[in-house]
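In: model the structure of this input:
(chains A, B and C)
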Amino acid sequence: MELTPAAEHPHRRTTDAAPIYEDYFVNMGPQHPSTHGVLRLILKLEGETVLGLTPVLGYVHRGVEKMGEAMTVLQFTHLTDRLDYLSAHMNNWGWALAVEQALGIEVPARAEHIRVIMSELTRISSHQLWWGVLGMDLGAFTPFLYGFRDRELINDIFEKTCGARLTMNYIRPGGVTADVEEDFAKDVRAFIDYFTPVIDEYETLVGGNIIFQERTKGIGVLGADLARSLGCTGPTLRASGVSYDVRRNRPYGIYPKLAFDVPVQSGGDSWARYLVRIAEMRESLKIIRQALDTMPEGPVRTKLPPIVKVPPGRWLGRVEAARGEIAFFLVGDGTEKPWRLKVRSPNFSNLAALPEIIKGCRVADVVAVLSTLDVVIPCIDR
Amino acid sequence: MTDNWIWHTERIPPAVTAWLTGLLGPGLLVDLAKMAIVAGILAGFVSLLALALVWVERKVAAHVQQRLGPMRVGPHGLLQTLADGLKLLSKENITPLEADHFVFHLAPLLCFAATFVALAFIPFAPDIQAVNFNVGLVFVLGIGSVGVLGILAAGWSSNNKWSLLGAMRAGAQIISYELSATIALLSMLVFAGSLDFRGIIASQEGGWWIWRAPVVGFVAFVIYGIASTAECNRTPFDLVEGESELTAGFHTEYTSIRFAMFFLAEFVNMFVVCAISATVFLGGWMPFHIGNLAGFNRIADLIPPWAWFFGKTMLLVLVFMWVRWTFPRLRVDQLMNFEWKFLLPLAFGTLAVASVLVTFGWYFFPG
Amino acid sequence: MGFFARATTAVGGLLKGMGITFGHFVRFDEVITQQYPENRATLKMAPRFRGKIHLLRDPESGAHRCTACGLCVKACPNNSLTVKRERDPETNKFKLAGYYYHFERCTLCGLCVDTCKFSALRMGNDFENAVLDRRTLTLRLDTPDGVPQPAPEAP
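Out: Purely as a prediction, here's the structure:
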């Protein structure tokens, strides 16, 4: 974003040329209720209209990639939870895929099914949180609490099986930590039965509200070409009319055996992103049901050697996380530790779209568009 | 049973005057004493009102969201607001370094005074009204507009960009929506034929204007409801504070008692607009009567007038809260479009139709 | 769609939303709030919940199962475990001389429990981990009575 000298400012009102720059800058963040963490956005305003926006990143940079080079590949799994903490299982899975390719291990069928169920539950819980926060960002507090109410149920399921609610560290190279506990299938089915009608409630309370529609329709339009060139993935990309989903285009796990649709919208605006995510929740329920029905008995973990050495070479583990494609690029040099590690963050690329699509919107739209892009800051800053 | 001062509140002021005259002798002293008493009562009432309204708001919000709300301080958190108030009072009173000190300190007082003064004109029950004034309604509407001055002053003097954005939104919003609110009230005044609150209530002897004025009564009621929500800066029109956008809008920089004043003013303001709505559209303290059903009317009369007034007002307040905890917020341009392109023309139309109806006497139960 | 049709849909949508919130408002039995400190007696964490780690003892001999092999120390990504060991003069084998747990560094990932070949470690169910002094987060686990004690002397 460049500064406009006062003399050339298109909306110049005063005749005296005293100030050099007369743009109105405000800092949204790093401490702001709606930047979803410590993200700082520098807004250039003309009244309420946004002329430009610059995201400033790095407030929660922890050097995860560098930390990974000092850890063994097995130890690094628990740090992937802490990237995009709302898709912890998928992050685990992406890393596990990279390591499994490197070591050439097969994963037992039961573990594959558990991974799918856990990942799709994570996707739902992430979208529930997104739905609630979207409501709150637009000024409605109640959806926030409803979203959290339903998210609790998934968290309880996670807690029972994985032992934690947010940073599960459950999917590990070679399978999953432990077999699901005995009530798992019952709990998940109960959740599906409970949640199916609740999505309709979501759609009535927020999607059916004319104020919400007016606030999202036609706002923050992200074209398909722009989305593709910026590397946007996930619901953000699919809302722009590009049907790309890692689960279908680069299949992993048992996804090829499952029947599911990839919701696509052509609008590219906030409303389209809303529709895609709501539809994804329904699809995820469908996937979970199939995976539960076909889940075989058997072991859940392949035995790994006591000391896991990464052979020299390069591997890429990519999965579809709740926000898009997360990929782990692993370069091995024959030691226990990765020689180089790169995390491809979907949030980073999705956030890149914000400055492009926000120009000409109002201040309130910044919040709404940021919310529908659904970024998680720790994943951006890593 | 109903023949005592609880049901006939109009007996209280003469009795108090007589008692004071006996105590102090006739003269100026009695008037001063009466002013002091009324001021004391109103101040106490405002405090209690704020306590009650904040508690109700919290409980409504909580139960809408399947929570319990405050439960710790007092039974069901009844004293939570008191605790919060004490906490606010004990906080440091911070004035930003670059703030315009005089205006910064004046703003919360302006806001609070505007709503407080408006309370003096509200008839709570027969003759229970601090000031009787033959253009009371106009005065209340006028004094209510001073509040926006306080908000603007607060936003400007804070020397904070977010505050300024909030204040500018407030200025635009409140001034615009006051037009609709006033015109909606005006179309009822055409029916009532009086600007005096007593006259307005007296004109509803035969039925409340919300249904006695055919259709326009209800339309005007809805218009006033929407416009007054905007005037109170409540969701879906809470752009002024717009927590998710402006953090706290015009009162971002305010702390301690000054913040409490804004907070108090907001809740009292909500009560005032609901009271006006209840008075103009729902007959104020009039009990609900149905034509010739003498039995029903007698049961309605068993409820004292002040209970009717507070019942109606609280019902409207609850609707305000219900709306707040359901809807998202509008955007600033949509807000203006809605007012100038939809609500205001509708209000003018209502006024025109109301005038025609009154001219030809086409309304229900013409006296 | 005409103006009036649109207006009707809009108002209908708003009213439906209000219906949902009102439906929840009147259902007092739907309240999901947990009154936390009051419900301590009934609040049970899932058995697998990962809290602080505990050292386990052999039920027969009563001795710690830990053989001070140090695998958990190697597995820990955050260096939150330190094992001191000494040679037993009689058997000339290593034995545990101090098991230190830096809880302030622990991320509760569970890798130590996973690696232990002797099932000497378990993750507890306690979740109330807040303390007023961070020094009390450094614990010694192999105390005689089995209750972890703050160990400022920990390496």
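
In: mind listing what the closest residue to C:Ala120 other than its chain neighbours touches?
Out: Nearest non-adjacent residue to C:Ala120, counting by C-beta to C-beta, 6 or more residues apart in numbering or on different chains: C:Arg65, 3.7 Å away. For every residue, glycine as well, the C-beta is placed using N, CA and C. Residues near C:Arg65 by C-beta atoms under 8 Å, 6 or more residues apart in numbering or on different chains: C:55-58, C:118-120.

In: closest one of those residues to A:Lys309?
Out: Closest approach between these and A:Lys309, by C-beta to C-beta: C:Phe118, at 24.5 Å.

In: and the next element down the chain from the lowest-mean-pLDDT helix or strand in chain B?
Out: Every helix and strand in chain B was compared by mean pLDDT, DSSP states H and E; the lowest is helix B:243-246, with a mean of 70. Per DSSP states H and E, the first helix or strand lying C-terminal to helix B:243-246 is helix B:256-281.

In: quick one: the host helix or strand of B:Ala18 to chain centroid distance?
Out: According to DSSP H and E, B:Ala18 maps onto helix B:12-24. The gap between where helix B:12-24 is centred and where its chain is centred comes out at 30 Å by C-alpha atoms, centre = their mean, to the nearest Å.

In: now do that helix: everything it contacts.
Out: Contacts for helix B:12-24 (C-beta under 8 Å, 6+ apart): B:5, B:30, B:33-34, B:37, B:127-128.

In: just checking, what packs against the longest helix belonging to chain C?
Out: Ranked by residue count, the top helix of chain C under DSSP state H comes out as helix C:3-26. Packing partners of helix C:3-26 (3 or more C-beta pairs under 8 Å, 6 or more residues apart in numbering or on different chains; DSSP states H and E): helix A:210-216, helix B:28-64, helix B:305-324.

In: so which bits of chain C are right by chain B?
Out: C:14, C:17-18, C:20-22, C:24-25, C:27-28, C:30-33, C:35 (C-beta under 8 Å from any C-beta of the partner chain).

In: hmm, back to that, the helix holding B:Ala18 vs helix B:28-64, what angle?
Out: 140 degrees (axes from the mean of the first three to the mean of the last three C-alpha atoms, to 10 degrees).

In: could I get helix B:12-24 in PDB with only the CA atoms?
Out: The C-alpha trace of helix B:12-24 is given here as PDB (Å, rounded to 0.1, in the frame of the first residue of the first chain):
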ATOM      1  CA  ILE B  12     -50.000  11.300  46.700                       C
ATOM      2  CA  PRO B  13     -48.800  14.700  45.500                       C
ATOM      3  CA  PRO B  14     -51.500  16.800  47.300                       C
ATOM      4  CA  ALA B  15     -50.900  14.800  50.500                       C
ATOM      5  CA  VAL B  16     -47.100  15.300  50.300                       C
ATOM      6  CA  THR B  17     -47.700  19.000  49.600                       C
ATOM      7  CA  ALA B  18     -50.100  19.300  52.600                       C
ATOM      8  CA  TRP B  19     -47.600  17.500  54.800                       C
ATOM      9  CA  LEU B  20     -44.700  19.700  53.800                       C
ATOM     10  CA  THR B  21     -46.800  22.900  54.200                       C
ATOM     11  CA  GLY B  22     -47.700  21.800  57.700                       C
ATOM     12  CA  LEU B  23     -44.000  21.100  58.400                       C
ATOM     13  CA  LEU B  24     -42.400  24.200  56.800                       C
END
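
In: so who does A:Ala353 touch?
Out: Contacts of A:Ala353 by C-beta under 8 Å, 6+ apart are A:222, A:226-227, A:230, A:232, A:236, A:373.

In: what about 6 Å?
Out: Contacts for A:Ala353 (C-beta atoms under 6 Å, 6 or more residues apart in numbering or on different chains) come out as A:222, A:230, A:232.

In: rewinding a little: can you pick the most crowded of the residues of chain C next to chain B?
Out: C:Gly17 (27 neighbours; other C-beta atoms under 10 Å in any protein chain shown).

In: B:Thr326 is in contact with that one, correct?
Out: Yes. C:Gly17 is within contact range of B:Thr326, at 5.1 Å (criterion: C-beta atoms under 6 Å).

In: ok so, going back, by neighbours, which of the contacts of helix B:12-24 wins?
Out: Neighbour max across the contacts of helix B:12-24 (other C-beta under 10 Å) = B:Val30, 19 neighbours.

In: where do the helices of chain C begin and end?
Out: Using DSSP H, helices in chain C cover C:3-26, C:71-75, C:111-115.

In: give me the helices and strands touching the last one, please.
Out: For helix C:111-115, the helices and strands in contact under the criterion 3 or more C-beta pairs under 6 Å, 6 or more residues apart in numbering or on different chains; DSSP states H and E are helix C:71-75, strand C:121-123.

In: please enumerate the strands of the chain.
Out: Since no chain was named, I'll use chain A. Applying DSSP state E to chain A gives strands spanning A:24-28, A:40-46, A:49-56, A:171-172, A:175-176, A:313-321, A:324-332, A:340-344.

In: wait, I meant chain C there
Out: Going by DSSP E, chain C shows strands at C:53-55, C:81-87, C:94-102, C:121-123, C:138-140, C:149-150.

In: wait, which of these is closest to B:Ala347?
Out: Comparing the strands of chain C by C-beta to C-beta, strand C:121-123 comes nearest, at 65.9 Å.

In: report the strands that pair with the closest one, each with its relative direction.
Out: Here strand C:121-123 has these sheet partners by DSSP bridges: strand C:53-55 (antiparallel).

In: and the residue of chain C most remote from its centre, how far is that from chain A?
Out: Farthest-out residue of chain C from its mean C-alpha position, per C-alpha atoms, centre = their mean: C:Gly2, at 59.3 Å. Per C-beta to the nearest C-beta, to the nearest Å, C:Gly2 is found 15 Å from chain A.
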